[in-house]
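curious how this folds, go ahead:
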Amino acid sequence: MWLAVVLVLVAMPGCASGVPPSRLDTFFGPVAMAESQQASLPPRPIHAGLLVLADTSAADAAPAPPEGALMRLAEQLQQQITEMTLISIDKILPASALQHNRDPSQFRDLKRQYGLDYLVLVVASSTEQEYPVTLFLGWVTHAQPGWRRDNWSLLEVALVDLNTGVPVVRAEGRGWATLDWPTAPGINQWYPVIWLRPQDPVRHVWPPSYAAAPNTLRVVSMNDAAERMIHNLQDAWIEKRDTELSADRRAG
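The predicted structure follows:
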């Protein structure tokens, strides 16, 4: 039993860059993905809608964050994407507006229904593992058994041309957070506690209650992934723009 736990702990961080697996491609057909490599950046100004949805279709997917948390994430991303990129988010679309299939016609339906030419699609997914640990109270003066739950979150983003259903530019961001809580509740001075791993292990978040702790873990990890996603979207945009400029110079 303990050997199996140790093996999982060794294996998971080592392959964290692929945990959880990408889900964005499951919304596009093979033709759209092939055309994505050749798609050009749209002229400015770029006005788009934003659609944020949770994907739990992977075999080992963790439960989705609460609907309210996804709405707050969408509002946060609307502001950040508008401020930090060349894309102006005019409206937030409901997650139910897009189905989990590879039918390109659903993107054209969004164009007709919402009067948009472009959509910023954000897909959130996560994976969790839980295992026993020894937790220390105070200044390590007392120890008691407890549990640790790791959450790896992935946010993937694509700017989609709704006329063609082709993703023009895409990026992702990954987050990792840990929840610790004792087997016996009642020591609320220290637990439950959430902390970010491995980049900021001294930053702690205390959930409002034991019952709310798992959802708080998912929100903390998801928000951590969102910060990286925004910066990676900027980098992906710049890289694609530079590639296009280089191609234009060669052609000229």
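
surely Pro21 and Ala58 touch.
Yes: here Pro21 reaches Ala58: they are 6.0 Å apart, a contact under Cβ atoms under 8 Å. All C-beta spots, glycine's among them, are computed from the backbone N, C-alpha and C.

who has more neighbours, these two?
Using other Cβ atoms under 10 Å, the more surrounded residue of Pro21 and Ala58 is Ala58, with 16 against 13.

for that one, give me its contacts.
20-21, 23, 125, 127 (Cβ atoms under 8 Å, 6 or more residues apart in numbering).

any idea which of the residues you listed is the one closest to Ala74?
Taking Cβ to Cβ as the measure, Ala74 lies nearest Ser125 of the contacts of Ala58, at 15.7 Å.

hey, what's that closest one bridged with?
Leu154 (DSSP bridges).

do Ala61 as well
Thr127.

need the strands for the stretch 101-250 of the chain, in chain order.
Using DSSP state E, counting those that start in this stretch, the strands found in the stretch 101-250 of the chain span residues 118-137, 142-161, 166-182, 193-196, 204-205.

buried residues in the first one?
To tie it back to what came earlier, the one meant is strand 118-137. Using 16 or more other Cβ atoms under 10 Å as the test for burial, strand 118-137 gives 118-129, 135.

now do the second one
Neighbour-count burial for strand 142-161, with 16+ other Cβ under 10 Å as criterion, is recorded at 146, 148-161.

what packs against that strand?
Here strand 142-161 touches strand 118-137, strand 166-182, helix 213-251, going by 3 or more Cβ pairs under 8 Å, 6 or more residues apart in numbering; DSSP states H and E.

looking at those, which is closest to Gln76?
Judging the helices and strands packed on strand 142-161 by Cβ to Cβ, what sits closest to Gln76 is helix 213-251, at 7.0 Å.

so the closest one versus strand 166-182, what angle?
Inter-element angle recorded for helix 213-251 and strand 166-182: 150 degrees (by axes from the mean of the first three to the mean of the last three Cα atoms, to 10 degrees).

quick revisit: and the two most separated of the contacts of Ala58?
With Cβ to Cβ as the measure, no two of the contacts of Ala58 lie farther apart than Arg23 and Thr127, at 11.2 Å.

residue ranges in the stretch 151-252 of the chain under the pLDDT threshold?
185-187, 198-202, 252 (pLDDT under 70).

tell me the contacts of the one residue sitting closest to the centre of the chain?
Nearest to the mean C-alpha position of the chain, counting by Cα atoms, centre = their mean, stands Leu155 at 1.8 Å. Neighbour list for Leu155: 122-124, 172-175, 222, 225-226, 228-229 [criterion: Cβ under 8 Å, 6+ apart].

alright, that wraps it up for me.
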